[in-house]
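Asks: Need a 3D model of the following:
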Amino acid sequence: MVTRNSSDVIVVGAGVVGAACAYYAAGAGLRVTVIDRGPVAGGTTGAGEGNLLVSDKGPGPELELAIVSSELWAELAALLPPEVEYEPKGGLVVASGEDGMAALRDFAVRQRQAGVTAEEVPADRLHDREPHLAPGLAGGFHYPEDAQVMPALVAAHLLRAGGDRVCLRLGEEVTGLLTGANGEVRGVRTSSGEVRAPYVVNAAGTWGGELARLAGVELPVLPRRGFVLVTEPLPRVVRHKVYAADYVADVASGSAALQTSPVVEGTRAGPVLIGASRERVGFDRTLSTEALQRLAAGATALFPVLAGVRVMRTYAGFRPYLPDHLPAIGPDPRLPGLVHACGHEGAGIGLAPATGLIVARCLTGGDPPLDTRPFRPERFASASP
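Replies: The predicted structure is shown next:
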């Protein structure tokens, strides 16, 4: 059993990525302490829509991570309680014109070559998938492997599933790392005292760069703000996650300016979730009227029926952005014992299981489920001033 002040590994961050790291580490027989300065899912996870997507990722390392995670999510869904609302409802990407449809076809060809199922939906069959879609769209692609969960509940249940091998310490801020005579990790210092372990996992999300600096290493994680509109509960007027073709380009963009593209999805509970916006404004939570107006206009352009629906609330969250749009996962050679699991931007919920499994394999000497070299944390060192 884990004691309050010592364990085999400390995971900093109780969001879904940290919870997945703890779950798989505990499953490998390790004693885990999870520390967070706030509550479970109090950061990016709690502000997420719960998307588990392969549809928005082109061939490459992130898609490989997403494919592994998609398989793991199906396994987890059979183990976790139904309250986590795992729903393999699929995604639908639509194009307004022929140029957009041609781009979607090219994208789908490359995704299929990487192992993703992508089914073309001609314009005259779109309403079979989504009866309330706007008329006049050029067509789209259906991605049956896309799914959704309730992210905060997933994080909580993954931590609970770790059993007595997981000790949860909430409301404690990590203020420093403890090191040994040879500079190796020996634990962390928190607002409540010292916690000892030979490994520390940086799953601090948007604050991953701050934790890295406490450890004396550079990891350029920046917050990328986004807003979500939540409607009143409705009958199931939106069956899939539906988004416009330009969403993929926005995800891949490194621009700091405000970008919006319509993303609309229904939930089992009834409300429709409307996104997506992206901008780099630090940790500024000020409500952006422009962003909200753009989101509403984009959603009603896709689903005119939403024009008469009330928005009950809106919330902001911060995606942990890294310049090459790939997370940092794995041991940091600059500080023995430090392992990173952060920088997933808006895909952290979907990529959490594969990330957690990789971290657990790193900690126990096992083989990772895929090539982790593209995610190595030190890859930004040469770009540092």
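
Asks: phi, psi of the closest residue to T45 other than its chain neighbours?
Replies: Distance criterion CB to CB, 6 or more residues apart in numbering; nearest residue to T45, sequence neighbours excluded, is G15 at 3.7 Å. For glycine as for every other residue, the C-beta is placed from the backbone atoms N, C-alpha and C. Here is the backbone geometry of G15 (degrees, to the nearest 10): phi -80, psi -170.

Asks: Check what pLDDT G15 gets.
Replies: On pLDDT, G15 comes in at 98.

Asks: V248 now?
Replies: 71.

Asks: which residue packs closest to it, ignoring adjacent ones?
Replies: Nearest residue to V248 in three dimensions, chain neighbours excluded: D56, at 5.2 Å (CB to CB, 6+ apart).

Asks: From G42, how far out is the one you found?
Replies: 26 Å (CB to CB, to the nearest Å).

Asks: lowest-confidence helix or strand of the protein?
Replies: The helix or strand of the chain with the poorest confidence is helix 246-252; it has a mean of 66 (mean pLDDT, DSSP states H and E).

Asks: need the contact list for the residue nearest to G270 when sequence neighbours are not counted.
Replies: Among residues not flanking G270 along the chain, P233 sits closest, at 3.0 Å (CB to CB, 6+ apart). By CB atoms under 8 Å, 6 or more residues apart in numbering, the residues touching P233 are A269, G270, P271.

Asks: Need the buried ones from the residues you listed selected in ChimeraX.
Replies: Buried residues among the contacts of P233 (16 or more other CB atoms under 10 Å), as a ChimeraX selection:
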select :271
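
Asks: just curious, which of the contacts of P233 is nearest to G115?
Replies: Nearest to G115 among the contacts of P233 is A269, at 32.2 Å by CB to CB.

Asks: how far away is the closest residue to that closest one other than its chain neighbours from V32?
Replies: Once flanking residues are discounted, A269 sits nearest to P233: 6.7 Å by CB to CB, 6+ apart. The gap separating P233 from V32 is 38 Å, by CB to CB.

Asks: try S255
Replies: Counting by CB to CB, the gap from S255 to V32 is 38 Å.

Asks: ok, these two, which is more surrounded?
Replies: Taking other CB atoms under 10 Å, S255 and V32 do not tie; V32 has more neighbours (29 against 11).

Asks: Tell me who's in contact with the more buried one.
Replies: Neighbours of V32 in contact, by CB under 8 Å, 6+ apart: 2, 7-11, 22, 25-26, 162, 165-167.

Asks: Other residues contacting stretch 285-300?
Replies: With contact meaning CB under 8 Å, 6+ apart, stretch 285-300 is reached by 225, 227, 229, 244, 258, 260-262, 264, 272, 274-277, 279, 306-307, 311, 314, 316.

Asks: let's see 6 Å
Replies: Stretch 285-300 is contacted by residues F227, L229, T260, P262, V264, I274, S277, L306, A307, A316 when judged by CB atoms under 6 Å, 6 or more residues apart in numbering.

Asks: Could you tell me whether P59 really is in a strand?
Replies: No. Looking at P59 with DSSP: H, G, I helix; E, B strand; the rest coil, it is coil, so not inside a strand.

Asks: and it, how many neighbours?
Replies: Counted with other CB under 10 Å, residues neighbouring P59 total 16.

Asks: do the one 3 residues further on as well
Replies: When counting by other CB under 10 Å, one arrives at 25 neighbours for E62.

Asks: Can you show me the helices along this structure?
Replies: Counting by DSSP state H, the chain has helices at residues 16-27, 61-79, 98-113, 126-129, 151-161, 208-214, 246-252, 289-302, 348-364.

Asks: Buried deepest among the ones you listed, which one?
Replies: Of the helices of the chain, the one with the most neighbours on average (mean count of other CB atoms under 10 Å) is helix 16-27, at a mean of 30.

Asks: neighbouring contacts of it?
Replies: So helix 16-27 is contacted by 9, 11, 32, 34, 45, 151, 154-155, 158-159, 161-162, 165-166, 201, 203, 341, 348-349, 352-353, 355-357, 359-360, 363 (CB under 6 Å, 6+ apart).

Asks: got the CA coordinates for that helix in CSV?
Replies: What follows is helix 16-27, C-alpha atoms only, in CSV (Å, rounded to 0.1, in the frame of the first residue of the first chain):
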residue,chain,number,x,y,z
VAL,A,16,-7.2,12.5,-17.6
VAL,A,17,-3.6,12.1,-18.7
GLY,A,18,-2.3,11.9,-15.1
ALA,A,19,-5.1,9.5,-14.2
ALA,A,20,-4.3,7.2,-17.1
CYS,A,21,-0.6,7.3,-16.1
ALA,A,22,-1.6,6.3,-12.6
TYR,A,23,-4.0,3.6,-13.7
TYR,A,24,-1.5,1.8,-16.0
ALA,A,25,1.4,2.3,-13.5
ALA,A,26,-0.8,0.8,-10.7
GLY,A,27,-1.8,-2.0,-13.0
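
Asks: Distance from the chain centre to it, please.
Replies: Per CA atoms, centre = their mean, to the nearest Å, the displacement of helix 16-27 from the mean C-alpha position of its chain is 14 Å.

Asks: what's the angle from it to helix 151-161?
Replies: If you take axes from the mean of the first three to the mean of the last three CA atoms, to 10 degrees, helix 16-27 sits at 20 degrees to helix 151-161.

Asks: Lovely, talk soon.
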